[in-house]
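Participant: 3D, please:
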Amino acid sequence: QVQLVESGGGLVQPGGSLRLSCAASGITSSMFTLGWYRQAPGKEREMVADIGSVGGSINYADSVKGRFTVSRDDDKNSVFLQMNNLTPDDTAVYSCRAWGRVYDFWGQGTQVTVSS
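Facilitator: Numbers count the residues shown, from 1 in each chain. Modelled structure (predicted):
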């Protein structure tokens with residue numbers, strides 16, 4: 001059974017930082033593109049960042065470029081999202097995703113709230 005489990009969310013003040021982690025089980029993460037998506041209340045889900053499999057490219061949403069960094073550790077079957085200089089607009093449920101040509105897996109999400 002495939003599971004993607006996110007952790008690291010929480011409440012942070014504007015300007016603060018959080019590091020999200022997503023641990024995958026039941027798959028070999030190196031075979032998949034890994035990414036982070038978010039959905040704020042009343043808004044559609046949007047891609048935040050993704051990172052291709054070995055030697056693959058990295059992509060960021062324009063709204064997070066220069067503030068967020070995505071990385072992966074395939075030895076740990078994990079993907080990470082370092083989020084710096086957070087703003088209230090970053091408040092959302094963040095979910096990780098692992099996908100390939102055939103399979104597409106999602107985690108349940110972790111809440112990130114940016115508020116003073």
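Participant: List the neighbouring strands of the helix or strand harbouring Val48 plus their orientation.
Facilitator: Assigned by DSSP states H and E, Val48 falls within strand 46-51. Applying DSSP bridges, strand 46-51 is found paired with strand 33-39 (antiparallel), strand 58-60 (antiparallel).
Participant: the strands in this protein, which residues?
Facilitator: Remark: strands assigned in the chain by DSSP state E are 3-7, 10-12, 18-25, 33-39, 46-51, 58-60, 68-73, 78-83, 92-99, 104-106, 110-114.
Participant: Those into TSV, with extra columns for mean neighbour count?
Facilitator: C-beta here means a position set from N, CA and C on the backbone, and glycine is covered the same way. Output for the strands of the chain, formatted as TSV (neighbours: other Cβ atoms under 10 Å):
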stretch	mean neighbour count
strand 3-7	17
strand 10-12	14
strand 18-25	19
strand 33-39	22
strand 46-51	19
strand 58-60	15
strand 68-73	18
strand 78-83	22
strand 92-99	21
strand 104-106	14
strand 110-114	18
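Participant: what would those strands look like in a markdown table with mean pLDDT?
Facilitator: Converted to a markdown table, these look like this (pLDDT from 0 to 100):
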| stretch | mean pLDDT |
| --- | --- |
| strand 3-7 | 97 |
| strand 10-12 | 98 |
| strand 18-25 | 97 |
| strand 33-39 | 97 |
| strand 46-51 | 98 |
| strand 58-60 | 97 |
| strand 68-73 | 96 |
| strand 78-83 | 98 |
| strand 92-99 | 98 |
| strand 104-106 | 97 |
| strand 110-114 | 98 |
